[in-house]
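Colleague: What follows is a predicted structure for the sequence shown.
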Amino acid sequence: MSKLKANAPAPSFSTTDQDGNLAKLEDFRGKKVILYFYPKDDTPGCTKEACAFRDAFAEFKLKNTVILGVSPDNEKSHTKFIEKFSLPFPLLCDTEKTIAKDYEVWVEKSMYGRKYMGVERSTFLIDENGVLSNILRKVKPEPHVEELLKLV
């Protein structure tokens, strides 16, 4: 059973982005935050999702909304992914899976009968005061960006 609920404070985090800059949830107070978790840089589904956010970036910005991608990849991997697809938003490093565990997206998965731990593609909308306003789990890479545009 999930401990995370809408209208409750979002779990705080502190990590680095692709440039090694410290990023904390508190840094974004006063803005809405889309915190989206994805399994791996430069893989088909993750690329579709990142590019959908890229293509809608200006619309989110007009709505006072920041986009933050989170995966277990390191700074070097994030930098290559950003450069390859011209992503205009930061990607946060969660190499220890701390943020993924706090947001309950580090889960057991199954592929071809093999079980393993991985990131469940999920997106969290956090309001200007650091409160979870929407939790979207097991999202499809592209269509949920349109849904988010309606929610912010």
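Modeller: Received, thanks.
Colleague: Now do the helices in the protein.
Modeller: Under the criterion DSSP state H, the chain contains helices at 44-55, 57-62, 75-85, 98-102, 143-151.
Colleague: Those helices: lowest mean pLDDT?
Modeller: Lowest mean pLDDT within the helices of the chain: helix 143-151, a mean of 88.
Colleague: who's in contact with that helix?
Modeller: Here helix 143-151 makes contact (Cβ atoms under 8 Å, 6 or more residues apart in numbering) with 34, 49, 52-53, 55-56, 59-60, 63, 123, 125, 133-134, 136. (C-beta placed from N, C-alpha, C; glycine too.)
Colleague: Tell me the buried residues in it?
Modeller: Using 16 or more other Cβ atoms under 10 Å as the test for burial, helix 143-151 gives 144-145, 148.
Colleague: hey, what's the most centrally placed residue in the chain bridged with?
Modeller: With distances taken as Cα atoms, centre = their mean, residue 36 lies nearest the centre of the chain, 1.7 Å away. Residue 36 has these beta-bridge partners by DSSP bridges: residue 69, residue 123.
Colleague: mind checking pLDDT for it?
Modeller: Confidence score, pLDDT, at residue 36: 97.
Colleague: OK, contacts around it?
Modeller: 49, 53, 67-70, 122-124.
Colleague: Recalculate using a threshold of 7 Å.
Modeller: Counting by Cβ atoms under 7 Å, 6 or more residues apart in numbering, residue 36 touches 69-70, 123.
Colleague: thinking again about what came up before, out of the buried residues of helix 143-151, which is nearest to residue 82?
Modeller: Nearest to residue 82 out of those is residue 145 (Cβ to Cβ; 17.4 Å).
Colleague: how close does that closest one get to residue 55?
Modeller: 8 Å (Cβ to Cβ, to the nearest Å).
Colleague: what do you get for residue 66?
Modeller: 16 Å.
Colleague: next one: residue 39
Modeller: In terms of Cβ to Cβ, residue 39 sits 21 Å off from residue 55.
Colleague: Show me which of the two is the more surrounded one.
Modeller: residue 39 (18 against 11; other Cβ atoms under 10 Å).
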